[in-house]
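Enquirer: Would you be able to build a 3D model of this:
(one chain, ligands or ions: 1)
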Amino acid sequence: MKLHHNPASPFVRMVRITAHELNLTDDIELIDTGVFLPIEVHGAVASDNPLGKIPTLMTDHGHALHDSRVICEYLVHHAGDKELLPDEPVNRFRILTVQSTALGIADAGVSLRYETALRPEDLRWPDWIERQTTRINSALDVLEAKSDDDLAQVDLGSICIAAVLGYLDFRWPDWGWREGRDKLTAFYDTFSQRPSMQATLPE
Ligand code: BEZ
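Expert: Below you'll find the predicted structure:
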């Protein structure tokens, strides 16, 4: 398998942590996109994914898979794993919803990053920045309240939440997301020690 990736992307990190947890890293060749702007077309990525987005995984059967949600589920299937995303429906859809929360935080975070670091200053939209920030904080509050159920196990939900908390630390070390969120902080303190997290730290 080949993975178009950039270590800074929280979506890529979700996939890479999942691959580590499933002991699949030796089966995945990482193809680093290097730095490219979200308004640019990356030739190698675009030739495998018409959306030109990372992560994109090329399977050994020559199929291009995207996005991170699909790739994570594929890796679980490929490994024959029943822990990270169980078949039992109540748990399965709870985990997928936690994953969806993480993807929403990542969407908002990456939008915020583009708006504040890449968009020309005179075109920035303060209400947009405010909305993405509120969206992230609201989602973190719900995770704090539900962490006893939703973050108790290592599964696709908790993996993706850990990846996105790592992205907040990486891009906004002064955000202060830990304040008033002791359970989420404890979850992250423990989870971030896992070899899968240590091996995928953004630089
Ligand atoms: C970032 O540098 O924050 C970033 C890089 C790639 C995708 C998304 C975010």
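Enquirer: ok, residues contacting stretch 148-156?
Expert: Residues outside stretch 148-156 that contact it (C-beta atoms under 8 Å, 6 or more residues apart in numbering) are 18, 21, 72-73, 76, 83-86, 94-96, 98-99, 143, 157-158, 161, 183-184, 187, 191, 194. The way it works is simple: take the backbone N, C-alpha and C, and place the C-beta from them, glycine included.
Enquirer: cool, and stretch 100-119?
Expert: Stretch 100-119 is touched from outside by 9-11, 14, 37-38, 68-69, 124-125, 128-129, 132-133, 135-136, 139-140, 142-143, 157, 160-161, 163-164, 167-168, 171, with contacts defined as C-beta under 8 Å, 6+ apart.
Enquirer: now, which of those lie close to the ligand?
Expert: Filtering those for proximity to the ligand (criterion: C-beta under 6 Å from any ligand atom) leaves 9, 171.
Enquirer: I would like a PyMOL command selecting only the buried ones among the contacts of stretch 100-119, please.
Expert: For the buried members of the contacts of stretch 100-119, the matching PyMOL selection, counting by 16 or more other C-beta atoms under 10 Å, is:
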select buried, resi 9+10+11+14+68+69+132+135+136+139+140+143+157+160+161+163+164+167+168+171
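Enquirer: pLDDT score for the residue lying farthest from the centre of the chain?
Expert: Outermost residue of the chain with respect to the C-alpha centroid, by C-alpha atoms, centre = their mean, is residue 122; its distance is 29.9 Å. In the prediction, the pLDDT value recorded for residue 122 is 97.
Enquirer: ok, it to the ligand distance?
Expert: 22 Å (C-beta to the nearest ligand atom, to the nearest Å).
Enquirer: residues contacting that residue?
Expert: Contacts of residue 122 were listed using C-beta under 8 Å, 6+ apart, and none were found.
Enquirer: Let's verify it: helix, strand, or coil?
Expert: helix (DSSP: H, G, I helix; E, B strand; the rest coil).
Enquirer: how is the chain carved up into domains?
Expert: According to automatic domain parsing, the chain comprises the domains 2-79, 89-194.
Enquirer: I'd like the distance from the first one to the chain centre, please.
Expert: Read that as domain 2-79. Distance of domain 2-79 from the chain centroid (C-alpha atoms, centre = their mean, to the nearest Å) equals 11 Å.
Enquirer: What of the last one?
Expert: For domain 89-194, the gap between its own C-alpha mean and the chain's C-alpha mean amounts to 9 Å (C-alpha atoms, centre = their mean).
Enquirer: still on that earlier bit, among the contacts of stretch 148-156, which are in helices?
Expert: 18, 21, 72-73, 76, 94-96, 98-99, 143, 157-158, 161, 183-184, 187, 191 (DSSP state H).
Enquirer: Kindly write the PyMOL command that selects the buried subset of these.
Expert: Taking 16+ other C-beta under 10 Å as the burial criterion, the selection of buried members of the ones in helices among the contacts of stretch 148-156 in PyMOL is written as:
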select buried, resi 18+21+72+73+76+94+95+96+98+99+143+157+158+161+184+187+191
